[in-house]
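Visitor: What shape does this take:
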Amino acid sequence: MTKTKDGVLPRSKIEVRMPPGAAAPRSGIYEQVGPRGGATGTKAVSTAGKPLPPTSKAGQGWTLVVPTKGKK
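Guide: Predicted structure coming up:
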């Protein structure tokens, strides 16, 4: 698989589930997902390098839905 220049795989290839509090690899809109990867409907905006927000339940994480261009 080919990675983009920032080291993140394109969404069409693989979805990476990030734990809460981890630094966001890319700026964009993240969706909260359950332990098995199902969408919960909760979304949050995060900037690259900033920590992702806490989730509403233990075992959940975040996945990038819409990447955006952030300030460098």
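Visitor: what about residue 58, neighbour count?
Guide: Residue 58: 7 surrounding residues under other CB atoms under 10 Å. Placement of C-beta: from N, CA and C, glycine included.
Visitor: State the distance from residue 23 to residue 38.
Guide: 24 Å (CB to CB, to the nearest Å).
Visitor: Also residue 27?
Guide: For residue 27, the distance to residue 38 - CB to CB - is 24 Å.
Visitor: re the thing from before, who's more crowded, residue 23 and residue 38?
Guide: More neighbours surround residue 23 than the other of residue 23 and residue 38, with 12 against 8 (other CB under 10 Å).
Visitor: excluding its backbone neighbours, what's nearest the more buried one?
Guide: residue 49 (5.4 Å; CB to CB, 6 or more residues apart in numbering).
Visitor: Next: residue 24.
Guide: Spatial nearest neighbour of residue 24, chain neighbours left out: residue 46 (4.1 Å); criterion: CB to CB, 6+ apart.
Visitor: For residue 18, see how far away the one you found is.
Guide: The spacing between residue 46 and residue 18, counted by CB to CB, is 9 Å.
Visitor: Run a quick neighbour tally on the residue nearest to residue 23.
Guide: Neighbours of residue 49 (other CB under 10 Å): 12.
Visitor: For residue 41, list the residues it contacts.
Guide: 31-32 (CB atoms under 8 Å, 6 or more residues apart in numbering).
Visitor: Reduced to three states, what does it come out as?
Guide: Residue 41 falls in the strand class when you classify it by DSSP: H, G, I helix; E, B strand; the rest coil.
Visitor: So it versus residue 69, what's the distance?
Guide: 25 Å.
Visitor: try residue 43
Guide: Residue 43 is 18 Å from residue 69, by CB to CB.
Visitor: residues near residue 42, how many?
Guide: Neighbours of residue 42 using other CB under 10 Å come to 14.
Visitor: now swap in residue 40 and tell me
Guide: Considering only other CB under 10 Å, residue 40 is surrounded by 13 other residues.
Visitor: For it, which non-adjacent residue is closest in space?
Guide: residue 32 (4.6 Å).
Visitor: Direction included, what does the strand or helix carrying that neighbour pair against?
Guide: Assigned by DSSP states H and E, residue 32 belongs to strand 28-33. Strand 28-33 pairs in its sheet with strand 39-46 (antiparallel), strand 61-67 (antiparallel), by DSSP bridges.
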